[in-house]
Structure formats: structure tokens, C-alpha cells
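In: From the sequence below, what's the structure:
(one chain, ligands or ions: 1)
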Amino acid sequence: MQPTMLPIARKVINYMKRIAVLTSGGDCSGMNATLRAVVRAGLASGLDVIGIQKGFQGLIDRLYEPMTTRSVSNILQRGGTFLQSARCKEMRTESGLRLASENLKGMGVEGLIVIGGDGSLQGGYAIHQQGVPVIGIPGSIDNDISFTDVSLGVDTALNNIVRAVDNLKDTASSHDRAFVVEVMGRNCGYLTVVATIASGAEYSLIPEEPYDLDDICNDLRKRYQEGRTNSIIMVAEGAGKAEDIANQIKDRIGFETRIIVLGHYQRGGSPTVYDRLLGARFGQAAVENLINGNGGMMVGLQGSKIVLTELKTVIAAGIRPINPMFPRLANQLLA
Ligand code: F6P
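Out: Just a heads-up that it's a prediction; the model follows:
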């Protein structure tokens, strides 16, 4: 009788025992949802999960705590990051990087998940090169990270901005005033231009496109002559200061103008459902890929799929360019 060939059971054997997670750089809403997913997916896979406090600074200063499923209870709906975050200059030095990597190895950590923006992903890649596998998760309200359609925190920030502009429109229309609204984004006008479209603001000034204030003033005057007596001018922080622009409008055409700098208000608040889901998917995918030996990668969203891109490719690509469709659309919708 012929022996029956039984199919070999395919089971990924998880040799990894301990991973760590940190949030770094500017915080954003959805980081807590992501931490919750990392911790719970890690524990469910039989891993120890260590939470590093205050980003890379905490790695250097050995600020960490073991995570239990209860450590991440009741944080899903909160903005910010319960592990806290920091911008860490020391990580850019050779001694800082070495200390951070040695501390990780000393804790018995075999894989690290870094949640943050471009600088944080660079820090993560540097640690990866020191021999600790790292998976990056893009988190930055600026939406300036390449190889992901969207980063954590962007949707919540946009909702914050649009809510603010809705409120401003009420008071602007009650007083025949123009408002200049300054939005975050040092190098990237994504938040400004998308919020312009979504709020029905009149103008958006972004670092990616030159603008002419004379043209804007002439247009404002024309609009007022036609009976439209209030306007919202959105400006990304990298394209100008709200105060300067308001002063120039007043000097050129004498319009009563008020300003608001939305600042860090944009970054906080309860995450939207979109950011909670994105955080859950990114967090789970990061753990799964660490276990599967895919260190040195960033998880991102392309279309509806979670995809992996090498961290070195993400870093080399630099700031994600704005899709020109957005500024075009914002201009077309200006009535
Ligand atoms: O990178 C995110 C961001 O919110 C930028 O839009 C902004 O310019 C910057 O962080 C502000 O940084 P900080 O919180 O350190 O003042």
C-alpha cells in the first residue's frame, strides 16, 4: 500500500519573546488607539510588551514599564499619548543612538515599534541598523510621510480645523469681517488645503505654491463689491504668519480682519472613528510583521490596504508631495 502523504501543517513559530513600543515627536490623536492595538495584539501572540515613556528620550533614560491588557484600558477615546512623547536631540548623536540600542538589548527587547513622524522614523531606522528590528507606524497630523495615503491623527486634526472654521464663519458673517486662520504645517500645506475644501473657506495659502497677496486683496475687494462681506483665508504656518497677512490686508484694502492661530488645538481631542480604526489596523499589522521577521519596514495605508515599505525608502523619499488635485479643487470651488 502506498504511504499517504500528509500535508505539512504550516504554522509560523514565534521565537520572539519581548517587544517594545514608543511614541515620538509631535503627538497626534490615534496614538493611544494604536498603542492599545500593539499591546493587545502583542499579548495575544504570547509576547511581553514593554511601553517606553517619552519617546526615544525614555529609551536613553530607561523609562519603561511592562504593559498588561489593563494598561491600555480606557485610552482608546483619548487624544495624545499615554506613554508621552518627546523630540529627542540626543538620538541624533552617535552616543545617544548607541545608548538607546544597548538599553533596548539590555531589556531583552527583540523588536521595537516606533509611532511618529519623519524624524521618529529616522530614529527607528537608526535603531534597526544597530541590530534591533524596528517597524515604523506613521503618525503626524501634517500628512507629510511618503508611502502612506494618510498618517495617524490627520483625520482628527482636519475635523478640529473644520469645526473651528465653521464657528468662525458664524461670527465673521455677523460682522462683515475677514478672518485669517493659521493652520499647522511647517513644510506641508495638506491640512490647510483639505480643510479649505471641507470648510468652504475662500483662500488657502500653502508652502508648496507661491501666492500673491495683491491678487488676493483685489479679489477680496471685488467679492465685497459684489456683496459677499466675509471671507476666510487659511494659511499654513510654513506659508506665512496670520498676523502679517491680516496687517497687509488692512494696509492694502483697509478691511477689518481678525486672526486666529489654531496651534496645538488642532493636535488634541478624541480621535475620530477613522483614526481609531487606522490605529487598530496599523498597530496589529506592526506586531504581526515584527513576529514574521519583517523588521526595517513602515506600515502604511495605500487605498484600503495596509502595505509595507522599507523604512530607508520612506526616509529617502522625504516629505510627501501634496496631490495637485487638492489645490486645484480648492481654487475651483472659490465662488
Ligand atoms: O509635525 C507636527 C507638528 O504639529 C507641525 O505641524 C508643527 O509645526 C509642529 O508639529 C509643532 O511642534 P511642537 O509641538 O514641538 O511645537
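In: Hmm, residue 315 and residue 122 touching each other?
Out: Yes: distance between residue 122 and residue 315: 5.5 Å, which falls inside the contact criterion (CB atoms under 8 Å). Just so you know, the C-beta spots here come from the backbone N, C-alpha and C atoms, and that holds for glycine as well.
In: which residues are in contact with both of those two?
Out: Between them, residue 122 and residue 315 have no joint contacts when contacts are counted by CB atoms under 8 Å, 6 or more residues apart in numbering.
In: what does the chain have sitting close to the ligand?
Out: If contacts are counted using CB under 6 Å from any ligand atom, the residues of the chain sitting beside the ligand are 26, 87, 117, 140, 141, 142, 184, 185, 186, 237, 267.
In: Considering these, which possesses the most neighbours?
Out: residue 141 (29 neighbours; other CB atoms under 10 Å).
In: Is that residue part of a helix or strand, or is it coil?
Out: coil (DSSP: H, G, I helix; E, B strand; the rest coil).
In: Not counting its neighbours along the chain, what's nearest it?
Out: Of all residues beyond its chain neighbours, the one nearest residue 141 is residue 157 (3.8 Å), with distances taken as CB to CB, 6 or more residues apart in numbering.
In: neighbours around the one you found, how many?
Out: Neighbour number of residue 157 under other CB under 10 Å is 34.
In: mind listing what the closest residue to residue 61 other than its chain neighbours touches?
Out: The spatial neighbour of residue 61 that comes closest, neighbours along the chain excluded (CB to CB, 6+ apart), is residue 54 at 7.5 Å. Applying CB under 8 Å, 6+ apart, we find residue 54 in contact with 61, 63, 83, 84, 85, 86.
In: Looking at neighbours, which among those residues is most surrounded?
Out: residue 83 (27 neighbours).
In: For it, pull up the helix or strand it's in.
Out: Assignment of secondary structure by DSSP states H and E places residue 83 within no helix or strand.
In: Could you list which residues are in contact with residue 83?
Out: Taking CB under 8 Å, 6+ apart as the definition of contact, the neighbours of residue 83 are 21, 22, 23, 35, 51, 52, 53, 54, 58.
In: Filter those down to the buried ones, ChimeraX style.
Out: Isolation of the buried members of the contacts of residue 83 (16 or more other CB atoms under 10 Å) is achieved in ChimeraX through the command below:
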select :21,22,23,35,51,52,53,54,58
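In: so of the contacts of residue 83, which ones are in strands?
Out: 21, 22, 23, 51, 52 (DSSP state E).
In: What ranges does the chain have for its helices?
Out: Taking DSSP state H, the helices of the chain run over residues 31-44, 55-60, 94-106, 118-129, 154-175, 190-199, 213-225, 242-253, 273-291, 311-317, 325-332.
In: With mean pLDDT and distance to residue 261 added, can I get those in JSON lines?
Out: Below are these laid out as JSON lines (pLDDT from 0 to 100; distance: least, CB to CB, whole Å):
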{"stretch": "helix 31-44", "mean pLDDT": "98", "distance to residue 261": "23"}
{"stretch": "helix 55-60", "mean pLDDT": "97", "distance to residue 261": "26"}
{"stretch": "helix 94-106", "mean pLDDT": "97", "distance to residue 261": "33"}
{"stretch": "helix 118-129", "mean pLDDT": "98", "distance to residue 261": "23"}
{"stretch": "helix 154-175", "mean pLDDT": "96", "distance to residue 261": "11"}
{"stretch": "helix 190-199", "mean pLDDT": "98", "distance to residue 261": "13"}
{"stretch": "helix 213-225", "mean pLDDT": "93", "distance to residue 261": "18"}
{"stretch": "helix 242-253", "mean pLDDT": "94", "distance to residue 261": "6"}
{"stretch": "helix 273-291", "mean pLDDT": "98", "distance to residue 261": "23"}
{"stretch": "helix 311-317", "mean pLDDT": "98", "distance to residue 261": "30"}
{"stretch": "helix 325-332", "mean pLDDT": "94", "distance to residue 261": "21"}
